[in-house]
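**Student:** attaching a predicted model along with its sequence, questions to come.
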Amino acid sequence: MSLGLAFRVRIAPEFAAWREEARRLVREGIAPDEIELVDEEHDTALSLGFALSPAPNPARAIAQPAVPRPFLDLAEIVACHSDPGRWQLLYRVLWRLQSDRSLIRHELDDDVARMRRMDAQVRRDLHKMHAFLRFRMVTEHTGAEAGEQSREHYIAWYRPDHRILPLAVPFFAERFAVMRWTILTDHAAASWDPETRRVAWGPGVPRSQAPQEDELESMWRSYYGSIFNPARLNTRAMRSEMPVRYWTNLPELNILPQLLTTAESRVGTMIEQQNSLPTNTYVPETHTLPVLRAALPRCEGCDLYKPATQAVFGAGLAHAPIMLVGEQPGDAEDRAGTPFVGPAGKVLDQIIDELGSNRPAMYVTNAVKHFKFVERGKRRIHESPNLREIAACRPWLLAELDAVQPKVVVCLGASAAKSLLGAKFALMKDRGKVMESPYAQRVIATIHPSAVLRAEGDSKRVLYEFIKQDLALAEQVAIREAS
Ligand code: URA
């Protein structure tokens, strides 16, 4: 434990708190080696009760600190990292930016590289939360006792590695806009009201009180339900059960509609998607390829398993830098039990060969694991999976993503792209771009190789070249990310 003799400022664990303090320090000319910015939650120093900042240094003071946008964007993400040293790091970089505006582009600089690493860790944590948070439905009673009504409330408890709830909320507000839900984490809780389309913030559930899966409902009923239900707010229960520092931001005092400007919900967003809370009880919790592969044959998450010969799991390098995601197995794959071995697979192989790449060094899978077809005589004719089937299978794809952790994901065709980028994804408009999905940091969508087989004349060559260009881009991104 430090004795608190050094000059130090305590920062509440929020970006805005750091920003305010950092601007003040730069304006007063206080260099990072003169002061320690410590995270309030990790500060074990004894407070000595006197001013903890050195005297301003007018010779170095900067009235209008430069805060370049790229730094600000990065800093907002880094601020969510759990590393208590983040505030000092951010301040050092901000200070250095005053004499070198381009610092943030120097990827080899130790401070910048550390920020980039933290940024990647926070984003990865966010993708995992989007993919693996599970809601549980609770029937809630509202209104005066006499005329009580009931309504559904979806509750989830999730333990992220970093303080990412504010970053995660817009995704859930958009996807589950018509549902009433609450997400509890160890540092905060957010509750979405579909009628007002607002988020209310409340205290977290300390790790020591973390509920087991089957305790979540009773915890909600006995305590948290009242926090987010102003009609039933029981502040006495809050005071007695929760350390004061966890309830300073009572939800009804702290409604932040602005947070959701980016999530201005398209209510039309596929009701199918809304219903498809990303859950599939057949997917094991352990996300390693052998465990997932062993469990897949038992999946009955939708009806496609019935007529298919078998479920087709992904194939390739376990920690491949590039993951290719097709639509669903075709006739040949359904019989062979491995992806992309039929005619479309031959096109893919040829493109990969021409690029001088190596398919075994990639991981290849499908958005949907069973072959969907209609029988015409002896032939089985491919049918595209619908959004419900894609959604039912998505947990398998997300679990594979979690196991492989590729640097970049290439979606071959619209079904794979819709699975990772949403139902509104438009292939011809957005192919060939590096995009961020809620589930993966770098996603490139391209044409499905079977489109080359179906095309005629010049368009055959054009589509082929599109796929080739897009795979070449994926290689460049993977190499850049690995260096
Ligand atoms: N088409 C796909 O999308 N996947 C396969 O595995 C085969 C054909």
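**Tutor:** Sure thing, it's come through.
**Student:** so which elements touch the longest helix anywhere in the chain?
**Tutor:** The helix that spans the most residues within the chain, counting by DSSP state H, is helix 458-482. The contact analysis (3 or more C-beta pairs under 8 Å, 6 or more residues apart in numbering; DSSP states H and E) places helix 458-482 against strand 322-326, helix 343-354, strand 408-412, strand 443-446, helix 449-454. In short, each C-beta sits where N, CA and C put it, glycine included.
**Student:** ok, what's across the strand from the residue in the chain that the ligand sits nearest to?
**Tutor:** Of all residues in the chain, the one sitting closest to the ligand is G326 (2.8 Å; C-beta to the nearest ligand atom). As for beta bridges, G326 partners with N366 under DSSP bridges.
**Student:** circling back to that earlier point, wait, which of the helices and strands packed on helix 458-482 is closest to I227?
**Tutor:** strand 443-446 (36.9 Å; C-beta to C-beta).
**Student:** thought D334 was touching A308?
**Tutor:** Yes - with contact defined as C-beta atoms under 8 Å, D334 counts as touching A308 (5.7 Å).
**Student:** these two - which one has more neighbours?
**Tutor:** D334 (22 against 18; other C-beta atoms under 10 Å).
**Student:** helix/strand/coil for the more buried one?
**Tutor:** helix (DSSP: H, G, I helix; E, B strand; the rest coil).
**Student:** spit out the contact partners of it.
**Tutor:** Neighbouring residues of D334 by C-beta atoms under 8 Å, 6 or more residues apart in numbering: A308, T309, Q310, V312, H370, F371, R380.
**Student:** relative to K369, how far out is the residue nearest to H127 when sequence neighbours are not counted?
**Tutor:** Distance criterion C-beta to C-beta, 6 or more residues apart in numbering; nearest residue to H127, sequence neighbours excluded, is Y439 at 5.2 Å. Taking C-beta to C-beta, to the nearest Å as the measure, Y439 falls 17 Å from K369.
**Student:** between those two, who's got more neighbours?
**Tutor:** Neighbours were counted for Y439 and for K369 using other C-beta under 10 Å; K369 has more, 28 against 23.
**Student:** which secondary structure state is assigned to the residue lying closest to that one once chain neighbours are set aside?
**Tutor:** Of all residues not flanking K369 in the chain, A311 sits nearest, at 4.5 Å (C-beta to C-beta, 6+ apart). Under three-state DSSP, the three-state class of A311 is coil.
**Student:** A311 touches C299, doesn't it?
**Tutor:** Yes - with contact defined as C-beta under 8 Å, A311 counts as touching C299 (6.0 Å).
**Student:** quick check: neighbours shared by those two?
**Tutor:** What both A311 and C299 touch, as defined by C-beta under 8 Å, 6+ apart, is the set Y305, K369.
**Student:** between the two, who's got more neighbours?
**Tutor:** Taking other C-beta under 10 Å, A311 and C299 do not tie; A311 has more neighbours (24 against 20).
**Student:** residues of the helix or strand encompassing A156 that come out buried?
**Tutor:** When secondary structure is defined by DSSP states H and E, A156 falls within strand 149-157. Within strand 149-157, the residues scored as buried using 16 or more other C-beta atoms under 10 Å are H153, Y154, I155, A156, W157.
**Student:** turn these into TSV, columns for pLDDT.
**Tutor:** Listed next are these as TSV, based on pLDDT from 0 to 100:
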residue	pLDDT
H153	88
Y154	89
I155	90
A156	90
W157	90
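**Student:** make a markdown table from these and add distance to the ligand to it.
**Tutor:** Shown next, in a markdown table, are the buried residues of strand 149-157 (distance: C-beta to the nearest ligand atom, whole Å):
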| residue | distance to the ligand |
| --- | --- |
| H153 | 38 |
| Y154 | 33 |
| I155 | 37 |
| A156 | 32 |
| W157 | 36 |
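**Student:** of these, closest to R359?
**Tutor:** For the buried residues of strand 149-157, the nearest to R359 is A156 (38.4 Å; C-beta to C-beta).
**Student:** my guess is the closest one contacts F132, does it?
**Tutor:** No - judged on C-beta under 8 Å, A156 makes no contact with F132 at a distance of 10.1 Å.
**Student:** and the strands in the stretch 201-350 of the chain?
**Tutor:** 315-316, 322-326 (DSSP state E, counting those that start in this stretch).
**Student:** need the contact partners of the longest one.
**Tutor:** Around strand 322-326, the neighbours that count as contacts under C-beta under 8 Å, 6+ apart are 314, 339-340, 344, 348, 361-367, 397, 400-401, 404, 406-413, 416, 419-420, 448, 474-475, 478.
**Student:** just the buried residues of stretch 99-108, please?
**Tutor:** Neighbour-count burial for stretch 99-108 [16+ other C-beta under 10 Å]: L103, I104.
**Student:** can we start the residue count at 10 from this point?
**Tutor:** Sure, I'll start numbering at 10, so the last one becomes stretch 108-117.
**Student:** which other residues reach that stretch?
**Tutor:** Under C-beta under 8 Å, 6+ apart, the answer for stretch 108-117 is A75, P77, P79, F80, L83, V102, R105, L106, D118, V121, A122, R125.
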